[in-house]
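Trainee: Structure of the sequence below:
(4 chains)
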There are 2 protein chains.
Amino acid sequence: MPQLKSKGHCLSCPVRHRSIFSDLPENLLNESLEGFETSVMVYEEDEIIFKQNANSSESVYTLRKGLIKICKSLPDGRIQIMRVLVPGCLFGIDGFVGENYNHTARALTDCEVCRLPLGGLSKLRRKHPEIDHAILSRFVKNLRQTEDMLLELGAKKAPEKLATYILRLSQSFAANGLKLSSDGLNLSSKEEWHSLPLSRSEIGSLLGLTIETVSRFFSDWKRKGFIKESKGNIQILDAKGLKEVACIDESCGK
Amino acid sequence: MPQLKSKGHCLSCPVRHRSIFSDLPENLLNESLEGFETSVMVYEEDEIIFKQNANSSESVYTLRKGLIKICKSLPDGRIQIMRVLVPGCLFGIDGFVGENYNHTARALTDCEVCRLPLGGLSKLRRKHPEIDHAILSRFVKNLRQTEDMLLELGAKKAPEKLATYILRLSQSFAANGLKLSSDGLNLSSKEEWHSLPLSRSEIGSLLGLTIETVSRFFSDWKRKGFIKESKGNIQILDAKGLKEVACIDESCGK
DNA sequence: CGACCGATTGACTATTTTCAAGTGGTGTGG
DNA sequence: CCACACCACTTGAAAATAGTCAATCGGTCG
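Mentor: Now for the predicted structure:
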């Protein structure tokens, strides 16, 4: 069961600089957020934050800590992961338009989630166009990312999808300062090890492949010396080789 | 080459009630839109409105007439159709955040497009929260639709994708008043004929299939009496049969 | 009529899934 | 400390699915 941990305090929030409030000047934060009551919820691994088709709540969420997967499923149980949220992500936006949730949000690791009441937020938006713009910008980025995934799933073959995924993962680690490791392992950043946030079967579910197909290509690339793996951490040895497989730049059709 | 047809006139706009201005009271329309200069552009079939990776313009667009396909492509030329725009759709929203276009917009039929300058629009948004809400709501719907496609492409097999597409198409005709026919054919609405906006190869490109696979299942279903087709118009004879194939409700795994 | 173009069909091939068996690491209880 | 179970992952062989290549059909247009 999700636990209420505390009220939120934007000024001391660990992800404020990544949140939709990042552009608010610090001095405004204090006075502006007067009366804006957020709460921090704690979820354990595998707990559901909200479910596809459920009524959306009068809140929207920001991930503070941990990882969340956003999924949709077919009536017969097949699951497609849409994306993985990292700290700072805004989610549950169906609440904005009062529609039922279009997908399920499930904790991939133990998580902390900040719950922002819609009423208060819309007052803030009116007072501070920066917030409004930040939200808009999230929406557009979110859509772009989902469109990119659509291209991956619709147009690419299994090895291309997988290679792209590993490369993107590594980029996103780089962009986030090389550290999202869920298990607290300390690794030399020079060697660029990355902890895999997803299991084989989840990677399959993200890319529309079976666990066996994922496993086979990974094994293949280990034999070829493209990648190395130990204890759920992965290292790219030959980015150029992977890029040729991935079809991300001109070197595409070999 | 796209042609400037005229200045836009919101009051007499044929798609006003489907546009982001649909919630503005008519009396406000007149005075509010003072100084908001839109222009109507005409594109021929197959012309490009904007290209993936190009700088976004200082405008955003509303489709007035015709159909537009939104696509992304891989460096080696493979193309994925993301969605098909119908009159009233807002598009080119990368302009909102000043990013390069994430996809290509191409006229599927001869089109009329209304170009809304961002500067003027953002003034309007501030003056009329209805517009702002309409835009937000479009964004969310757009994201939901793209997520739905992600599930289609990632989790479904060829016949499921195809059957779902035909059924959705028919629903969307129903929702839009049974008439989007691009070639002006007049058909009895009782028989529920629907003109196919996409060629076989475009359907393939939308669903991540080859033209041959599309063709084979269509032929198969014609033999089985699920559908009928003539002159680019399609009729669903056995929606129940198709639904069983499509995996959209409980009757999924048969 | 003949050229062209989209769609269809068939035969074959490639890719990916399915099913089944096996490996290796981790944690628990005797 | 070992035996055992458990679980994620790996591997192999067979089957299913979808793609490729090539020939053909049928309609449209000059």
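Trainee: and the helix or strand hosting A:Lys240, anywhere near chain B?
Mentor: Per DSSP states H and E, A:Lys240 falls inside helix A:239-246. No: against chain B, helix A:239-246 shows no contacts by CB under 8 Å from any CB of the partner chain, the least distance being 10.2 Å. C-beta here means a position set from N, CA and C on the backbone, and glycine is covered the same way.
Trainee: which element is the residue in the stretch 1-150 of chain A that DNA strand D sits nearest to on?
Mentor: When scored by CB to the nearest atom of the strand, the stretch 1-150 of chain A has A:Asp46 as its residue closest to DNA strand D, at 10.2 Å. Following DSSP H and E, there is no helix or strand that holds A:Asp46.
Trainee: try A:Leu167
Mentor: Per DSSP H and E: A:Leu167 is located in helix A:158-175.
Trainee: Please tell me how far that helix is from the chain's geometric centre.
Mentor: 14 Å (CA atoms, centre = their mean, to the nearest Å).
Trainee: What is the burial count for the closest residue to A:Ala246 other than its chain neighbours?
Mentor: In space, and not counting its chain neighbours, A:Ala246 is closest to A:Ala163: 3.8 Å by CB to CB, 6 or more residues apart in numbering or on different chains. A:Ala163 has 25 neighbours, counted by other CB atoms under 10 Å in any protein chain shown.
Trainee: Isn't A:Ala163 up against A:Lys240?
Mentor: No: in this structure, A:Ala163 is not within contact of A:Lys240 by CB atoms under 8 Å, at 11.3 Å.
Trainee: wait, what's in contact with A:Arg200?
Mentor: A:211, A:214-215, A:218 (CB atoms under 8 Å, 6 or more residues apart in numbering or on different chains).
Trainee: Going by neighbour count, which of the residues you listed comes out on top?
Mentor: So for the contacts of A:Arg200 (other CB under 10 Å), the most neighbours sit at A:Val214, 24 neighbours.
Trainee: Can you tell me which helices and strands the helix or strand containing that one packs against?
Mentor: Taking DSSP H and E as the criterion, A:Val214 maps to helix A:211-224. Helix A:211-224 is packed against helix A:158-175, helix A:200-207, strand A:227-230, with contacts defined by 3 or more CB pairs under 8 Å, 6 or more residues apart in numbering or on different chains; DSSP states H and E.
Trainee: State the phi and psi torsions of A:Asn155.
Mentor: If you look again at residue A:155, you'll see it is Ala, not Asn. phi -110, psi -20 (degrees, to the nearest 10).
Trainee: so what's it scoring on pLDDT?
Mentor: Note for A:Ala155: predicted pLDDT of 98.
Trainee: residues near it, how many?
Mentor: Using other CB under 10 Å, A:Ala155 has 21 neighbouring residues.
Trainee: Could you measure from it over to A:Asp249?
Mentor: 15 Å (CB to CB, to the nearest Å).
Trainee: A:Glu130 contacts A:Leu29, correct?
Mentor: No: contact criterion CB under 8 Å: A:Glu130 and A:Leu29 do not qualify, at 11.2 Å.
Trainee: Quick check: A:Phe226 touching A:Lys240?
Mentor: No: using CB under 8 Å, A:Phe226 is not in contact with A:Lys240, being 9.4 Å away.
Trainee: between the two, which one's more packed in?
Mentor: Comparing A:Phe226 with A:Lys240 by other CB under 10 Å, the one with more neighbours is A:Phe226, at 21 against 9.
Trainee: mind saving the C-alpha coords of the helix holding A:Lys240 as PDB?
Mentor: Extracted in PDB, the C-alpha atoms of helix A:239-246 (Å, rounded to 0.1, in the frame of the first residue of the first chain):
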ATOM      1  CA  ALA A 239      29.400   2.100 -29.800                       C
ATOM      2  CA  LYS A 240      30.200   2.300 -33.500                       C
ATOM      3  CA  GLY A 241      29.300  -1.300 -34.000                       C
ATOM      4  CA  LEU A 242      26.100  -0.900 -32.200                       C
ATOM      5  CA  LYS A 243      25.200   2.200 -34.100                       C
ATOM      6  CA  GLU A 244      25.600   0.400 -37.400                       C
ATOM      7  CA  VAL A 245      23.100  -2.200 -36.200                       C
ATOM      8  CA  ALA A 246      20.800   0.400 -34.800                       C
END
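Trainee: quick check: angle from it to helix A:211-224?
Mentor: 140 degrees (axes from the mean of the first three to the mean of the last three CA atoms, to 10 degrees).
Trainee: What distance do you get for the residue lying closest to A:Ile79 once chain neighbours are set aside to A:Ser251?
Mentor: Once flanking residues are discounted, A:Ile79 sits nearest to A:Ser73: 4.7 Å by CB to CB, 6+ apart. The span separating A:Ser73 from A:Ser251 equals 36 Å under the rule CB to CB.
Trainee: State the pLDDT value of A:Lys224.
Mentor: So A:Lys224 comes in at 96 (pLDDT).
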